[in-house]
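1. Take a look and give me a structure for this.
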Amino acid sequence: ATSFAMSAAELFSVKPVPVPRWQAACIVVLGAGDVGSAVAHVLFRQGYTVLLVETEQPTSPRRGMCWVDAVFDGIAVLDHLSAVRVFHPADAALAFARRIWLPLVVAPDLPLWLRQLGAQVLVDARLRKHAAAQPDLRALCGGAATAVGIGPGYTVGYNADVVIESAWGDELGRVLHVGSARALAGEPRPILGAGRERLVYAPQDGVFETSLRIGQAVEAGEVIGHVHTPEGEPLPLPAPLRGVLRGLTRSDVPVRRKTKLVEVDPRGDPALCFGLGERPMRIAQGVLQTVEQVVGAAGAPAAQPHAA
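-> This next block holds a predicted model:
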């Protein structure tokens with residue numbers, strides 16, 4: 001607790017840094033999972049002001065590749081950049097001025113924050129692939145910001161102004177000005193031949209509990225954690241195969257049935273459980289291209305990919 005207080009105080013004490021007007025454009029990114037974090041990371045490194053928005057109890061499992069732990073701990077670090085939880089638009093504006101850390105807000109009054117911060121672009125990076133319908137981002141923006149939807153369920157001119165393709169393949173990260181992103185199809189991309197079988201989902205509604213950590217090695221059959229049902233029954237979750245924990249939902253978080261909780265990487269390299277992944281970075285490049293078009297940032301330097 002003491003080290004966080006000290007680091008937060010140091011972050012808040014840094015003097016403002018002047019930036020070109022085009023770089024001061026405010027971009028709001030919904031979702032601090034691996035895709036939203038990559039989008040925010042790329043935009044921030046290109047000089048844009050970025051606000052991350054998350055829910056109160058995120059279940060994103062790839063916590064070594066995103067900033068969701070800032071929701072619980074107040075601060076998290078991803079590829080040498082800190083995200084710090086803020087509570088008021090003025091706190092976010094302070095972060096924008098100081099430009100050494102990225103603000104993250106939890107379950108805000110979004111229209112109010114968009115208005116007070118003068119957001120120019122709203123990006124939905126939550127990739128709620130199984131949602132019955134995606135929100136109308138254009139209505140949420142009220143015409144004051146460009147609405148960018150990522151992945152299945154978004155259609156240009158219907159619920160978004162611009163759509164970014166999120167499916168693996170040659171089209172990954174493509175910016176769409178007409179049409180829709182591809183519908184959810186197929187299986188997860190295999191790693192050493194293991195596709196969906198390397199994933200573990202919640203068998204019932206309940207609260208997930210684990211004492212393990214991201215990057216930790218596990219053996220096939222080893223109990224990774226439990227889902228505690230409303231009736232008090234602890235349902236064990238065994239590792240489906242041998243490897244390292246690339247994905248592990250935060251302990252003590254409420255989960256719904258079929259929520260992805262665990263991802264075991266059979267390659268066994270803990271380093272692959274941290275940093276910015278290939279797919280999120282390719283999506284982030286598409287968002288960067290869109291932002292540059294929206295704010296007229298012709299000539300801005302191209303973002304450099306990071307290894308996952």
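2. Can you verify Val53 is assigned to a strand?
-> Yes: counting by DSSP: H, G, I helix; E, B strand; the rest coil, Val53 is located in a strand.
3. Identify all residues paired with it through a beta bridge.
-> Leu30, Val105 (DSSP bridges).
4. ok, now which ones touch it?
-> Shown in contact with Val53 (C-beta atoms under 8 Å, 6 or more residues apart in numbering): Val28, Val29, Leu30, Gly31, Ala32, Leu104, Val105, Val106, Pro108, Leu110, Trp113. C-betas here are computed from N, CA, C, even on glycine.
5. Nearest to Val42, out of those residues: which one, please.
-> Nearest to Val42, judged by C-beta to C-beta, of those is Val29 at 10.4 Å.
6. The closest one contacts Leu51, doesn't it?
-> Yes: counting by C-beta atoms under 8 Å, Val29 touches Leu51, with 7.1 Å between them.
7. which of these two has more neighbours?
-> Each of Val29 and Leu51 has its neighbours counted (other C-beta atoms under 10 Å); Val29 has more, 31 against 26.
8. quick one: contacts for that one?
-> So Val29 contacts Gly36, Val39, Ala40, Leu43, Val50, Leu51, Leu52, Val53, Val123, Ala125 (C-beta under 8 Å, 6+ apart).
9. how many other residues sit next to the third one?
-> For Ala40, the count of nearby residues is 31 (other C-beta under 10 Å).
10. What of the second one?
-> As a burial measure, the neighbour count of Val39 was computed by other C-beta under 10 Å and equals 31.
11. Report all helices and strands that the helix or strand hosting it contacts.
-> Using DSSP states H and E, Val39 sits in helix 34-45. The contact analysis (3 or more C-beta pairs under 8 Å, 6 or more residues apart in numbering; DSSP states H and E) places helix 34-45 against strand 26-30, strand 49-54, strand 81-86, strand 101-106, helix 278-295.
12. wait, which of these is closest to Val156?
-> Nearest of the helices and strands packed on helix 34-45 (C-beta to C-beta): helix 278-295, 11.5 Å.
13. Skipping its backbone neighbours, what lies nearest Ala131 in space?
-> Gly153 (6.3 Å; C-beta to C-beta, 6 or more residues apart in numbering).
14. Tell me which residues touch the one you found, please.
-> Under the criterion of C-beta under 8 Å, 6+ apart, the neighbours of Gly153 are Arg128, Lys129, Ala131, Ala133, Gln134, Asn159, Ala181.
15. Secondary structure added to these, as CSV?
-> As requested, the contacts of Gly153 are exported to CSV (three-state DSSP):
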residue, secondary structure
Arg128, coil
Lys129, coil
Ala131, coil
Ala133, coil
Gln134, coil
Asn159, coil
Ala181, coil
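16. Could I get the contacting residues of Val50?
-> Neighbours of Val50 in contact, by C-beta under 8 Å, 6+ apart: Cys26, Ile27, Val28, Val29, Ala40, Leu43, Phe44, Leu102, Pro103.
17. where are the low-confidence patches of the stretch 51-200 of the chain?
-> Across the stretch 51-200 of the chain, the ranges flagged by pLDDT under 70 are 132.
18. And the helices in it?
-> 69-73, 89-98, 110-117, 137-141 (DSSP state H, counting those that start in this stretch).
19. Buried residues in the first one, which are they?
-> Burial within helix 69-73, assessed by neighbour count using 16 or more other C-beta atoms under 10 Å, is assigned to Asp69, Ala70, Val71, Phe72.
20. And for the second one?
-> If you call a residue buried by 16+ other C-beta under 10 Å, then helix 89-98 has these buried ones: Pro89, Ala92, Ala93, Leu94, Ala95, Phe96.
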